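> sequence isn't available, so here's the structure alone:
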């Protein structure tokens, strides 16, 4: 359903949290999702957006690494000293990231596939003792595969977001961020549209995927709730079965990096 | 309704966008809100979160400034040269902000009441020609007053968020951010709770106000839609009539500022 039609009909945006069983390595996440939908007495409708917690997807993709199997390099020991992170975890962070911006206590700020994230997305929360979970290998590709599976099984066109939580500059607490997306426009370009006074808007782009990833956090929880999926209905998402990926910008176009890098 | 009760009953989170008439300086925003609720055939329930676009609140608070009435200082002319911003707008930005981190084309990154924001929240979108809109004077206090008005009129305990849109580091497009809040816990502290494997979580705080501000962006739009209010029902918000304010952190506790400031 188009955004204007939704607004006309005054249909509220609706978000269902979907519980699942505990997901294990090599589980088929789409089958688990279908069971979760069944248990909630829900099915897909055209235009629905499915949000999947990245840790659930990564677990199903067997992205768990036993820390004892990792041999840290000299660089890893060096960053381990400055951040207090386990040197074996640092070694994985260095292997997974394209760039390390710097570190503070407990965190290396890294670039992973163009996405700014702490510790290259590596986390030990919701991992078995002694293990860490890497980010899914290619979250947008996985999102696309789940979109295809939903099209085949349910005959519906949905969008899929792979979501993580993220702190924002100078804010306490995490919101949501899309690290992968497929089936809809991740960013809505409103440049050229008019404001309330009929003036053209100059720089308004809406990060639809990130907004919906954040909205899903409101039902998914981050702890032991086992709600790895959220189903978003009647959203403003603009469906596009060929769209895949999240939209990042290079460092030299970023307001934060441009303004902060000369601080001391 | 408590979060666990909501999950048990499997009630979906629901977000209604509320259209309004065009808001003018010195309008009573609470009365306009009540009309919008009536027109949508909605009323408040206990635990609802009302999200208000900051520009709508700021307009009702008469925070419009005619640029022609502003005399730029030498500092303003200097920043105007490096950013390309109108020197009169820069003058207002310098007056409104506690700190300027730096500037790039079109933007000064500033601190406003502890909140990191471009141009001290000053914007000409949705302002009449020749005017800019400053941030509301004290958004959390205004949120509290609207909460009290709702309690009096509807006999319901609601939470209120004053929301703005914001880009995130290295991302294209805007999500939502709370610049004021009242009536609920702006941040949920999950430290000490257990993950899926029963391990204690170390650093998990959930930015509830920012998540709900983002979720509201999905129905409010940023352009000429005239949807300045969103009503969020069945959210995970933890109500607290005494809570007011959003939670920021000092620069020396921020991962981004800590890691980026030494870049060149």
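That came through fine. Note that the coordinates shown come from a computational prediction; the quantities given were computed from them, not determined experimentally. Numbers count the residues shown, from 1 in each chain, chains lettered A, B, ... in the order given.

> tell me which element residue A:51 falls in.
Secondary structure from DSSP states H and E places residue A:51 in strand A:49-53.

> so what secondary structure elements neighbour that strand?
helix A:29-39, helix A:139-154, strand A:159-167, helix A:208-220, strand A:229-233 (3 or more Cβ pairs under 8 Å, 6 or more residues apart in numbering or on different chains; DSSP states H and E). From N, CA and C alone the C-beta is placed, and that goes for glycine too.

> what are the buried residues along the host helix or strand of residue A:182?
Using DSSP H and E, residue A:182 sits in strand A:174-184. Across strand A:174-184, burial judged by 16 or more other Cβ atoms under 10 Å in any protein chain shown covers A:174-184.

> take these and write them to CSV, including pLDDT and distance to residue A:162.
Below are those laid out as CSV (pLDDT from 0 to 100; distance: Cβ to Cβ, whole Å):
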residue, pLDDT, distance to residue A:162
A:174, 94, 16
A:175, 95, 15
A:176, 96, 11
A:177, 97, 10
A:178, 98, 7
A:179, 98, 5
A:180, 98, 4
A:181, 98, 7
A:182, 98, 9
A:183, 98, 12
A:184, 98, 13
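
> distance from the chain centre to the strand holding residue A:182, please.
4 Å (Cα atoms, centre = their mean, to the nearest Å).

> does that strand reach chain B?
Yes: shown here: strand A:174-184 in contact with chain B (Cβ under 8 Å from any Cβ of the partner chain) through A:174-177.

> what's the farthest-apart pair in these?
A:174 and A:177 (8.9 Å; Cβ to Cβ).

> who does the residue nearest to residue A:210 when sequence neighbours are not counted bridge with?
Among residues not flanking residue A:210 along the chain, residue B:175 sits closest, at 4.8 Å (Cβ to Cβ, 6 or more residues apart in numbering or on different chains). Counting by DSSP bridges, residue B:175 forms beta bridges with residue B:166.

> that older thread, most widely separated two among the buried residues of strand A:174-184?
Across these (Cβ to Cβ), the longest gap, 25.0 Å, separates A:174 and A:183.

> residue A:128: neighbour count?
16 (other Cβ atoms under 10 Å in any protein chain shown).

> what helix or strand is it on?
With DSSP H and E as criterion, residue A:128 is part of no helix or strand.

> for it, give me its contacts.
A:64, B:197 (Cβ atoms under 8 Å, 6 or more residues apart in numbering or on different chains).

> got it, and residue A:168?
Counting by Cβ under 8 Å, 6+ apart, residue A:168 touches A:175, B:166, B:168, B:177, B:207, B:210.

> so which of these comes closest to residue B:30?
Using Cβ to Cβ, the contacts of residue A:168 come closest to residue B:30 at residue B:177, 22.9 Å.

> wait, isn't that closest one in contact with residue B:167?
No: using Cβ atoms under 8 Å, residue B:177 makes no contact with residue B:167, being 9.9 Å away.

> where does the stretch 151-264 of chain A dip in pLDDT?
Low-confidence segments of the stretch 151-264 of chain A (pLDDT under 70): A:200-203, A:222-224, A:262-264.

> ok, so of the buried residues of strand A:174-184, who is nearest residue B:61?
Nearest member of the buried residues of strand A:174-184 to residue B:61, counting by Cβ to Cβ, is residue A:175, at 26.7 Å.

> verify the contact between that closest one and residue A:163 for me.
No: using Cβ under 8 Å, residue A:175 makes no contact with residue A:163, being 10.2 Å away.

> who touches both of these two?
Between them, residue A:175 and residue A:163 share the contacting residues residue A:217, judged by Cβ under 8 Å, 6+ apart.

> picking that back up, now list whatever residues contact both of residue A:174 and residue A:177.
A:165-166.

> could you say which helix or strand holds residue A:103?
Using DSSP H and E, residue A:103 sits in strand A:99-104.

> does chain B sit close to the helix or strand following that strand?
Downstream of strand A:99-104, the next assigned helix or strand under DSSP H and E is strand A:107-112. Yes: Strand A:107-112 is in contact with chain B by Cβ under 8 Å from any Cβ, via A:107-109, A:111.

> same check on stretch A:131-151?
No: judged by Cβ under 8 Å from any Cβ, stretch A:131-151 and chain B are separated, with a smallest distance of 9.2 Å.

> give me the distance from that stretch to the chain's centre.
10 Å.

> also stretch A:96-114?
The mean C-alpha position of stretch A:96-114 is separated from the chain mean by 17 Å, Cα atoms, centre = their mean.

> buried ones in that stretch?
A:96-97, A:100-104, A:107-113.

> helices or strands up against the helix or strand encompassing residue A:58?
In this structure, residue A:58 sits in helix A:54-60 according to DSSP H and E. Contact here means 3+ Cβ pairs under 8 Å, 6+ apart; on that basis helix A:54-60 packs against helix A:29-39, strand A:131-133, helix A:139-154, strand A:159-167.

> shouldn't residue A:246 be within a strand?
No: assigned with DSSP: H, G, I helix; E, B strand; the rest coil, residue A:246 falls outside any strand and is coil.

> that one: what's it in contact with?
Residue A:246 sits in contact with A:115, A:140, A:178-181, A:186, A:209-210, B:171, where contact means Cβ under 8 Å, 6+ apart.

> next one: residue A:175
A:165-168, A:214, A:217, B:175, B:207, B:210-211, B:214.

> how much space is there between the residue nearest to residue A:85 when sequence neighbours are not counted and residue A:82?
Nearest non-adjacent residue to residue A:85, counting by Cβ to Cβ, 6+ apart: residue A:106, 6.5 Å away. According to Cβ to Cβ, to the nearest Å, residue A:106 and residue A:82 sit 11 Å apart.

> what does residue A:179 give?
26 Å.

> cool, and residue A:166?
Counting by Cβ to Cβ, the gap from residue A:166 to residue A:82 is 22 Å.

> quick check: closest non-adjacent residue to residue A:247.
Closest to residue A:247 by Cβ to Cβ, 6+ apart is residue B:172, at 4.0 Å.

> hmm, residue A:207 and the one you found touching each other?
Yes: judged on Cβ under 8 Å, residue B:172 makes contact with residue A:207 at a distance of 6.8 Å.

> who's more crowded, those two?
Between residue B:172 and residue A:207, residue A:207 has the larger neighbour count (other Cβ under 10 Å), namely 28 against 19.

> give the contact list for that one.
By Cβ under 8 Å, 6+ apart, residue A:207 lies in contact with A:186-187, A:247, B:167-168, B:171-175.

> with respect to residue A:229, which of the residues you listed is nearest?
Closest to residue A:229, out of all of these and judged by Cβ to Cβ, is residue A:186, at 19.0 Å.

> quick one: what helix or strand has the closest one in it?
Under DSSP H and E, no helix or strand contains residue A:186.

> and it, what are its phi and psi?
phi -70, psi -30 (degrees, to the nearest 10).

> skipping adjacent residues, who's closest to it in space?
Nearest to residue A:186 is residue A:209, by Cβ to Cβ, 6+ apart, at 4.0 Å.

> for residue A:206, what are phi and psi?
According to degrees, to the nearest 10, residue A:206 has phi -110, psi 120.

> which ones are touching the spatially closest residue to it that is not a sequence neighbour?
Among residues not flanking residue A:206 along the chain, residue A:188 sits closest, at 4.3 Å (Cβ to Cβ, 6+ apart). Neighbouring residues of residue A:188 by Cβ under 8 Å, 6+ apart: A:205-206, A:208, A:236, A:238, B:173.

> now do 7 Å
A:205-206, A:208, A:238 (Cβ atoms under 7 Å, 6 or more residues apart in numbering or on different chains).

> neighbour-wise, which one of the contacts of residue A:175 leads?
residue B:210 (32 neighbours).

> ok, it touching residue B:178?
Yes: in this structure, residue B:210 is within contact of residue B:178 by Cβ atoms under 7 Å, at 5.3 Å.

> list the contacts for the residue nearest to residue A:85?
A:83-85.
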